[in-house]
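Peer 1: Next come a sequence and a model predicted from it.
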Amino acid sequence: MYGFDVAKHTKGRKRFVLVDTLGLVMSLVVLEASAKERLGGAIVLLEAVEEIKTNLVRLWVDQGFSGENFARVVGQLTQAEVEVICRQSKDFEVLPKRWIVERTFGWWNRYRRLSKDYELLVEMSEAMIYGAMIHTMLRRLAKLKPNHS
């Protein structure tokens with residue numbers, strides 16, 4: 001399942017991820033690149049709604065998830081408020097809370113099979129991401145230095 005994102009001029013797949021404040025994956029969905037941001041966000045939220053609906057207070061999202069319908073769906077599912085993190089100008093700026101998800105994506109780039117989309121099946125792509133996150137969490141829990149041999 002591959003697609004083409006006209007806005008970003010990329011082909012392939014998009015990874016939608018729901019992380020906690022530590023950057024650990026709570027839910028993950030891989031869709032074709034032509035999928036809309038709000039659709040992917042709703043799917044990833046629906047997969048994790050049973051585990052998070054009592055604990056989730058605020059959901060930080062980027063501009064791709066702005067809109068009344070998305071905020072209303074999140075409010076109905078989890079009773080959480082949606083806060084859209086927006087850039088003030090076209091120049092580069094570090095956005096608060098946005099770096100948490102970007103850090104998680106950076107962790108994935110340490111793994112060869114996640115640096116590009118090598119997988120044929122979407123399920124294998126999701127499984128590789130979960131495997132990489134298990135390895136990352138275990139390494140952080142044990143406070144071991146990564147072995148780059």
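Peer 2: On my side now, so go ahead. Note that the structure is a prediction, hence the values are computed from the model and not measured. Residues are numbered from 1 along each chain as shown.
Peer 1: Tabulate the CA atom coordinates of the longest strand along the chain in CSV.
Peer 2: The longest strand of the chain (DSSP state E) is strand 10-19. Output in CSV follows, covering the C-alpha atoms of strand 10-19 (Å, rounded to 0.1, in the frame of the first residue of the first chain):
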residue,chain,number,x,y,z
THR,A,10,6.7,12.3,-1.5
LYS,A,11,5.6,8.8,-2.4
GLY,A,12,5.4,5.9,0.0
ARG,A,13,3.8,5.7,3.4
LYS,A,14,3.1,8.0,6.4
ARG,A,15,3.6,7.0,10.0
PHE,A,16,1.1,8.3,12.5
VAL,A,17,2.1,7.9,16.1
LEU,A,18,0.7,8.7,19.5
VAL,A,19,3.4,9.1,22.1
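Peer 1: So which elements touch that strand?
Peer 2: On a contact count with 3 or more Cβ pairs under 8 Å, 6 or more residues apart in numbering; DSSP states H and E, strand 10-19 meets strand 3-5, strand 25-32, helix 37-52, helix 98-108, helix 122-142. (Glycine included, C-beta is placed from N, CA and C.)
Peer 1: Apply 7 Å and report the result again.
Peer 2: In terms of contacts (3 or more Cβ pairs under 7 Å, 6 or more residues apart in numbering; DSSP states H and E), strand 10-19 is packed against strand 25-32, helix 37-52, helix 98-108.
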